[in-house]
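Enquirer: Structure, please.
(one chain, ligands or ions: 1)
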Amino acid sequence: MAHDPRRGRFITFEGIDGAGKSSHIEQTLAWLRKRGHEVLHTREPGGTELAERLRALVLAEPMDALTETLLVFAARRDHLERQIEPALAAGRTVVCDRFTDASFAYQGGGRGVDAAILAQLEAWVQQGRQPDLTLWFDLPADEAARRRAAARAPDRFERQDLSFFTRVREAYAQRAQHAPGRIHRLDALGSREQVWQRVQQRLAATGWW
Ligand code: TYD
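Expert: Reported below is the predicted structural model:
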């Protein structure tokens, strides 16, 4: 479907924990603003008061995989309705740190939730809405674990073992295969500057800005 020029673009950032997307999100925001775009910077789970409360539960409380899935999609529904859709309608660019691809990767690949359940929730919650562009920072699970160890105290997901993150990475790769026009794999190995060059190239290649 052609993009309505009055609407903003919806960009998401994905990757296993430790892949390094956070610093590139900051640089992307500056890159977009320098080009005169009004940007909403947000994240998932989260982005609204209610969704941030759900995030705190999902990241800290023990729960089974389906409960976790329902909570991240409940958070997503609130976030879409109250933040993302109004911002896009007002012509703002939305930059979101993770979105539904993370549910397919973490709840699907990592926790083993059936992809058919995820696809049904995606259809109900998003009513066809998808990001216009997804940058997937891809890094081997062992390298990401090394980076995480140097960086911060782990949350519930970050405490998972290497095999969990290997499955998450594989699920991202599968998802990327099914949406090649939207999801772009970025090699997240290398220096921050090298990866940022790749991000910039990818952003410029869209021809949107
Ligand atoms: P993350 O985005 O890495 O934030 P921070 O940099 O503050 O750690 O953390 C969010 C976690 O939530 C991450 O481990 C992946 C997980 N997550 C899911 O499991 N499912 C989802 O649908 C989303 C959006 C995130």
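Enquirer: In the top helix by length along the chain, which of the residues would be classed as buried?
Expert: For the chain, the helix that runs over the most residues, judged by DSSP state H, is helix 162-178. Applying a neighbour-count criterion of 16 or more other C-beta atoms under 10 Å, one finds 164-169, 171-172, 175-176 buried in helix 162-178. Backbone N, C-alpha and C define where each C-beta goes, glycine included.
Enquirer: does any part of it sit near the ligand?
Expert: No. Using C-beta under 6 Å from any ligand atom, helix 162-178 stays clear of the ligand, coming no nearer than 8.3 Å.
Enquirer: which strands and helices sit next to that helix?
Expert: Applying 3 or more C-beta pairs under 8 Å, 6 or more residues apart in numbering; DSSP states H and E, we find helix 162-178 packed against strand 133-138, helix 141-151, strand 183-187.
Enquirer: how about the residues of the protein near the ligand?
Expert: Looking at the ligand, the residues of the chain close enough under C-beta under 6 Å from any ligand atom are 17, 22, 44-45, 72, 97-98, 102-103, 106-107, 155, 157.
Enquirer: Taking those residues, tell me the two that lie furthest apart.
Expert: Ser22 and Gln107 (21.2 Å; C-beta to C-beta).
Enquirer: higher neighbour count, those two?
Expert: When Ser22 is set against Gln107 and neighbours are counted by other C-beta atoms under 10 Å, the residue ahead is Gln107, at 27 against 13.
Enquirer: re earlier: please, a ChimeraX command that selects the buried ones among the residues of the chain next to the ligand?
Expert: A single ChimeraX command selects the buried members of the residues of the chain next to the ligand (16+ other C-beta under 10 Å):
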select :17,44,45,72,97,98,102,103,106,107,157
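Enquirer: Which of the residues of the chain next to the ligand fall within helices?
Expert: Among these, the subset assigned to helices under DSSP H consists of 22, 72, 102.
Enquirer: dump the residue contacts of the nearest residue to the first one once chain neighbours are set aside.
Expert: Read it as Ser22. Closest residue in space to Ser22, ignoring its immediate chain neighbours: Asp97 at 7.2 Å, by C-beta to C-beta, 6 or more residues apart in numbering. Remark: with contacts taken as C-beta atoms under 8 Å, 6 or more residues apart in numbering, Asp97 is in contact with 12-13, 21-22, 25, 41-44.
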